[in-house]
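Trainee: what shape does this take:
(chains A and B)
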Protein chains: 2
Amino acid sequence: MLETLPETVKVFEVGPRDGLQNEPAQVPAGQKVLLIESLAAAGLRNIEITSFVSPKWIPQLADGLEVARALKLPPDVVTSALVPNMKGFESARQSGVKEIALFLSATESHSRKNINKGIDEALATLSEVAAAAKAERFLVRAYVSVVFVCPYEGRVDPDKVLRLLPPLLEMGVDEISLGDTVGGATPRQVIRLLKLASGQVGLSKLALHFHDTYGMAMANVVAGLDAGVTTFDASIGGLGGCPYAPGASGNLATEDLIYFLHESGIKTGVDMDKLVECGELAQRIVGKKLTGRYLQACLSARERKTQAKAESRG
Amino acid sequence: MLETLPETVKVFEVGPRDGLQNEPAQVPAGQKVLLIESLAAAGLRNIEITSFVSPKWIPQLADGLEVARALKLPPDVVTSALVPNMKGFESARQSGVKEIALFLSATESHSRKNINKGIDEALATLSEVAAAAKAERFLVRAYVSVVFVCPYEGRVDPDKVLRLLPPLLEMGVDEISLGDTVGGATPRQVIRLLKLASGQVGLSKLALHFHDTYGMAMANVVAGLDAGVTTFDASIGGLGGCPYAPGASGNLATEDLIYFLHESGIKTGVDMDKLVECGELAQRIVGKKLTGRYLQACLSARERKTQAKAESRG
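Mentor: Numbering: from 1, shown residues only, chains lettered A, B, ... in the order given. Just a heads-up that it's a prediction; the model follows:
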């Protein structure tokens, strides 16, 4: 296990989109811009900055265009935005993002509940948007949700995921992010799906997106890395709850992931101290303590030092 | 990775000792008894119930003898108590526990800071207590602390751990629990240490004790399981903070561990629903929200259901 490791791993930051989307707080655009710019300054090079979805569905991200246009980022940062349809793509075109992200569910029930469309209909929309995006040289990412466990159908048969890969690849997507939306996966499930998927797609085209609802996210990352995946999604501070268990832990925290990678000798280009500052900023922005473990350990250690200093002075 | 798995895994519950010892709350003996009995009723068969250490050092567990004597448990539950010296062993003899647990640090600095003794002196005490305990047919467990990272010496050379194994085995200890006291280990370190240790001791004699300070506990369990270890320590609800980062996450949560094991097809004899009730009880006892992810996900899902019912009625 973990005998051969890649030299580098790509960390795809989803906090400003997937994170904020699942937080009740309404964050001002200026704060979002500050967070995204700080994440880039910490060394993250792939950041999902917003979603161009109807504000009726995600009011938290209604200011997506304003945020995107205000950003001042180094040229090598790949900004990404979630786009559900041609209307969303039109906003993406005006926003200056370099990548669009499409989404799809692995189960029919989740697809219908989530976007009120069946999978085939959703694929047709994706295909249309992907063609338009590729024609204008956007990078295209595709999320596949509920690939391990579905809140409506339970454990998901890998075949349901596998059958989506050929149409996505045909559309020319650059990366497919397999999402454990519910957070119910365990390492053996991850290994099994990847083994099957590797027959259809090079693992360098896959990303893994884990939620920590039951505390399995990091263990699943290890399984994915061991199987050969080199791109992982994460959210600053663990920003964003689980949509199916409000109050529970949400996304894998970026700091925890980076700690693991660096300790394993894998490069990410991320500065840990600056990343912790981003985590603090994210906490201030949403006005609550986030669930990231590395972040909380650092903050409590610092608090303790400050107290000790105050006591030694007093 | 995880291609062959053991049929069963032994989960060693440390919440009532290692957990409560690191919580500021002073819990009445009756509440401790209730928690331990509930843990046994949930199916846990190895429970560390207290510590017979001077109340000057650990006031939270000063009622150890009272707790031990009040317990009504099924006969197959192996109760364990931490014992630092012959005086502690005398209490253990009076308490009715079946196992005593000794402790030792892997680094000289941690040993001196923790118990004011060097490692060799500590080994001599352990040897005396172990001999007395074995003579009276107690099971003997030994904890080795800071086996991966030391708060005073940093990353720990595996040789420092390996050199402790022969003397411990010579004393006749039945189980050696290797502890990531700081919570800084990552899977590759775990695999490396186990590979080296397996040259000296059968892995069935080893247990692993992880803290989740940086979110690595479950990933490290996976690494340990993959390497052949079949005993893991855990704490109900994640009870107990990190002694070196107050406010940070502490022990691996028992529910998270059991969820992983059951989902991987490994038997533990534990009833998940009852275990979640134990987690709730532990929360009430210490008067705060615990960090266990499975627990919080269950509680928030239940809260949501109750709200939905109330709304549909209202």
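Trainee: contacts and neighbour counts: CA atoms only from here.
Mentor: OK.
Trainee: quick check: mean pLDDT of the strand or helix carrying residue A:208?
Mentor: In this assignment (DSSP states H and E), residue A:208 forms part of strand A:206-210. The average pLDDT within strand A:206-210 is 98.
Trainee: tell me the helices and strands packed up against that strand.
Mentor: On a contact count with 3 or more CA pairs under 8 Å, 6 or more residues apart in numbering or on different chains; DSSP states H and E, strand A:206-210 meets strand A:175-180, helix A:217-227, strand A:231-234.
Trainee: go again using 10 Å as the cut-off
Mentor: When contacts are defined as 3 or more CA pairs under 10 Å, 6 or more residues apart in numbering or on different chains; DSSP states H and E, strand A:206-210 packs onto strand A:10-13, strand A:139-145, strand A:175-180, helix A:187-197, helix A:217-227, strand A:231-234.
Trainee: other SSEs contacting the last one?
Mentor: Helices and strands touching strand A:231-234, as assessed by 3+ CA pairs under 10 Å, 6+ apart, comprise strand A:10-13, strand A:46-51, strand A:175-180, strand A:206-210, helix A:217-227, helix A:254-263.
Trainee: state the mean pLDDT of the longest one.
Mentor: Meaning helix A:217-227. pLDDT averaged over helix A:217-227 gives 98.
Trainee: before we move on, what about the second one?
Mentor: Mean pLDDT, computed over strand A:46-51, is 98.
Trainee: repeat that for the last one.
Mentor: Per-residue pLDDT values over helix A:254-263 give a mean of 98.
Trainee: CA atoms only for the helix or strand just after it, dumped as CSV, please.
Mentor: Using DSSP H and E, the helix or strand that directly follows helix A:254-263 along the chain is helix A:272-286. The C-alpha trace of helix A:272-286 is given here as CSV (Å, rounded to 0.1, in the frame of the first residue of the first chain):
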residue,chain,number,x,y,z
MET,A,272,0.5,25.4,4.8
ASP,A,273,0.8,28.5,6.9
LYS,A,274,-1.0,30.6,4.3
LEU,A,275,-3.6,27.9,3.9
VAL,A,276,-4.3,28.0,7.6
GLU,A,277,-4.9,31.7,7.3
CYS,A,278,-7.4,31.0,4.5
GLY,A,279,-9.1,28.6,6.9
GLU,A,280,-9.4,31.3,9.5
LEU,A,281,-10.7,33.7,6.9
ALA,A,282,-13.3,31.2,5.8
GLN,A,283,-14.4,30.8,9.4
ARG,A,284,-14.8,34.6,9.8
ILE,A,285,-16.7,34.8,6.6
VAL,A,286,-19.3,32.2,7.5
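Trainee: buried stuff in the helix or strand that comes right after helix A:272-286?
Mentor: Per DSSP H and E, the first helix or strand lying C-terminal to helix A:272-286 is helix A:293-313. Neighbour counts using 16 or more other CA atoms under 10 Å in any protein chain shown place A:293, A:294, A:295, A:296, A:297, A:298, A:299, A:300, A:301, A:304 of helix A:293-313 among the buried residues.
Trainee: likewise for stretch A:111-123?
Mentor: Neighbour counts over stretch A:111-123 (16+ other CA under 10 Å) mark A:111, A:117, A:118, A:119, A:122, A:123 as buried.
Trainee: can you tell me which of those are in helices?
Mentor: Using DSSP state H, A:111, A:119, A:122, A:123 are the members of the buried residues of stretch A:111-123 that sit in helices.
Trainee: got the contact list for the first one?
Mentor: In other words, residue A:111. By CA atoms under 10 Å, 6 or more residues apart in numbering or on different chains, the contact set of residue A:111 is A:103, A:104, A:105, A:117, A:118, A:119, A:120, A:121, A:122, A:145, A:146.
Trainee: which residues does the closest residue to the third one other than its chain neighbours contact?
Mentor: Nearest residue to residue A:105 in three dimensions, chain neighbours excluded: residue A:145, at 4.6 Å (CA to CA, 6 or more residues apart in numbering or on different chains). Under the criterion of CA under 10 Å, 6+ apart, the contact partners of residue A:145 comprise A:103-107, A:110-111, A:161, A:177-182, A:209.
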